[in-house]
Structure formats: structure tokens, C-alpha cells
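Colleague: Need a 3D model of the sequence below.
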Amino acid sequence: MHFMRHIDLQIMAMSVNLLRPLLSKPLLQQLRCPVVAASRFNTVSLCPRTSLPSACCRFYATKKAKAKAKGQATKVNINSALVEDIIDLNDVKMDMNAVLDALKEDFTRNLSIRTSSGALDHIVVTTQDGKFPLNQLGQISMKSPQLIVVNMSSFPEATAAATRALRESSMNLNPEADGTIIKVAVPKVTREHRENLSKLAKQFSNKAKDSVRRVRSNAITQVKKAKEGHSEDTIRLVEKQIQQVADNIALDIDKLLSAKTKELLG
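Modeller: Numbering: from 1, shown residues only. From the prediction side, this is the model:
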């Protein structure tokens with residue numbers, strides 16, 4: 001009996017020794033649950049709105065917002081007096097607008113589905129004496145909705161050249177010369193003819209864009225040569241302004257092409 005009591009006392013002493021480190025810790029640490037602590041740690045890492053500043057919340061822009069911001073970023077306003085000693089921006093705009101005006105004229109002259117005697121005025125005839133518009137060498141008249149006649153009696157020596165110019169034009173013409181009279185049958189406006197005119201309109205538009213790019217390139221080259229005496233920021237702003245003018249003209253070309261294509265294809 002005495003032996004058993006001695007063993008119990010030893011067991012109790014060992015238990016007290018094992019519990020002593022726990023008993024020495026603050027009561028709050030003893031009662032904290034590891035699961036709760038881990039959960040609390042994870043919650044903080046997720047940046048709860050109530051405990052952390054709103055700076056940790058990230059908002060993603062939509063594609064539409066990004067496109068709008070990109071378009072706004074390209075718009076630059078520059079005081080022309082600030083850059084007049086670098087380049088004349090008005091001259092750049094005039095040169096690019098001249099390209100647009102030339103495209104409009106090409107569309108009117110070469111891509112009309114309504115045939116009239118005036119539709120042949122722009123055709124250039126190459127002769128030994130130089131190049132001349134057809135209406136300066138011959139008298140053009142509309143005999144019927146299906147026939148245009150060119151009277152070359154004033155310059156009979158240019159009859160062959162005028163016939164060749166009519167045939168090689170983009171109007172799908174098949175002229176026939178009878179002495180000094182050139183008869184031009186008006187082709188029917190078929191679907192195929194409309195589609196060919198539409199392709200030609202695309203070619204004219206591409207050439208116009210190439211011309212705009214050349215104007216832009218020449219202007220930027222001129223700006224780069226004027227770097228001395230001007231800050232890099234000023235040079236960069238002038239280049240952006242030139243690019244913006246070119247982009248606006250390119251948009252106008254696309255709009256003009258779209259309207260013409262719709263007109264041709266119906």
C-alpha cells in the first residue's frame with residue numbers, strides 16, 4: 001500500500017513538471033486556438049476592407065476603357081508659336097490635306113458609275129508635244145446614253161494617242177476610231193464592273209496613305225534636324241503633333257473609302 005502511494009506521488013510530480021512551461025505562459029496564449037490564429041493570419045493576408053487601406057484593392061480596366069485612354073493619350077495640343085522655329089505645322093497639315101483632296105478628285109473622275117461626257121475630261125493624252133487633257137484636244141459629246149463621241153478634227157494627229165489613252169484608262173472603255181471621230185461605247189454597269197471599281201478605290205486609298213506617310217516622315221526628319229537649342233520634351237511633342245495630324249487624315253481616308261465602296265457596291 002505504501003509502495004503504490006509512492007508511485008502515485010512520482011506520477012503527479014512528473015505531470016507538474018510537464019505542465020510547468022504551459023503554466024508559465026500568459027493565459028491568453030494558452031487559450032488561443034492554433035486554428036483561430038491561422039485563420040486570422042490568412043484573413044489579414046487577404047486585405048480585409050475594414051482593417052487595411054483601400055490601396056491594396058486593385059481594379060482592372062476594361063478593354064473599352066483602355067482603348068479610350070489610348071486614344072486620349074495621342075491628343076496633343078501645342079502652341080504653334082512655341083515650335084514655329086522648328087517646323088510650320090500648318091504647312092504639314094496643308095500637305096496632308098492636299099493628299100485627301102487629290103483622293104476625292106480621283107474618286108470623282110475615275111470611279112463614277114454614272115457616265116457622262118464630262119467623265120472623259122480628265123483623261124490625259126500623251127503626244128509628241130507633251131501631255132494634255134482629252135477635252136483640250138477634242139470635242140466630247142454624248143450622242144446617246146450608250147455612246148460618247150470625241151471629235152478630234154482640231155488635232156487630227158493626236159487621234160491615235162487619244163484612242164490609246166481612252167483604252168488604257170481605268171474606265172473599262174473600248175474606243176473605236178473612224179477618221180478623226182472616236183466612238184466610245186458606254187459599258188453597262190454590271191456587278192463585276194462595280195466590284196472592279198471598288199478594288200480600284202482601295203488602291204487609290206492605299207496610295208493616298210503612302211503619300212501621307214511620306215509627308216509625315218519628311219516632317220519628322222526636319223524636326224530631328226532642329227534638336228539643337230530645343231529640349232527633348234519639345235521635340236517629342238512636335239513629333240506627336242505631326243503623328244496626330246497624320247492619324248486624323250488616315251481616318252478621313254478610311255471614311256471616304258467606306259462611303260465610296262458603299263456607293264459603288266450599292
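Colleague: after the strand or helix carrying residue 107, next one along is what?
Modeller: Secondary-structure assignment from DSSP states H and E places residue 107 in helix 89-110. Where DSSP H and E defines the elements, the next helix or strand beyond helix 89-110 is strand 124-127.
Colleague: Mind listing what's buried along that next one?
Modeller: residue 125 (16 or more other CB atoms under 10 Å). (Each C-beta comes from the backbone N, C-alpha and C, glycine too.)
Colleague: Show the average pLDDT along the helix holding residue 107.
Modeller: Mean per-residue pLDDT for helix 89-110: 90.
Colleague: so what secondary structure elements neighbour it?
Modeller: Here helix 89-110 touches helix 80-83, helix 191-225, helix 232-265, going by 3 or more CB pairs under 8 Å, 6 or more residues apart in numbering; DSSP states H and E.
Colleague: Check the model's average confidence along the first one for me.
Modeller: This means helix 80-83. 60.
Colleague: same question, stretch 174-186
Modeller: 92.
Colleague: Show residues contacting it.
Modeller: 115, 120, 138, 145-153, 156, 159-160, 162-163, 166-167, 173, 187 (CB atoms under 8 Å, 6 or more residues apart in numbering).
Colleague: Quick check on the residues you listed: which are buried?
Modeller: The buried subset of these (16+ other CB under 10 Å) comprises 115, 120, 138, 148-150, 152, 159, 162-163, 166, 173.
Colleague: So which of these belong to helices?
Modeller: Residues of the buried ones among the contacts of stretch 174-186 located in helices (DSSP state H): 159, 162-163, 166.
Colleague: Can you pull out the low-pLDDT segments for the stretch 101-250 of the chain?
Modeller: 112-117 (pLDDT under 70).
Colleague: tell me which residues in stretch 197-214 are buried?
Modeller: For stretch 197-214, by 16+ other CB under 10 Å, it's 197-198, 200-201, 204-205, 208-209, 211-212.
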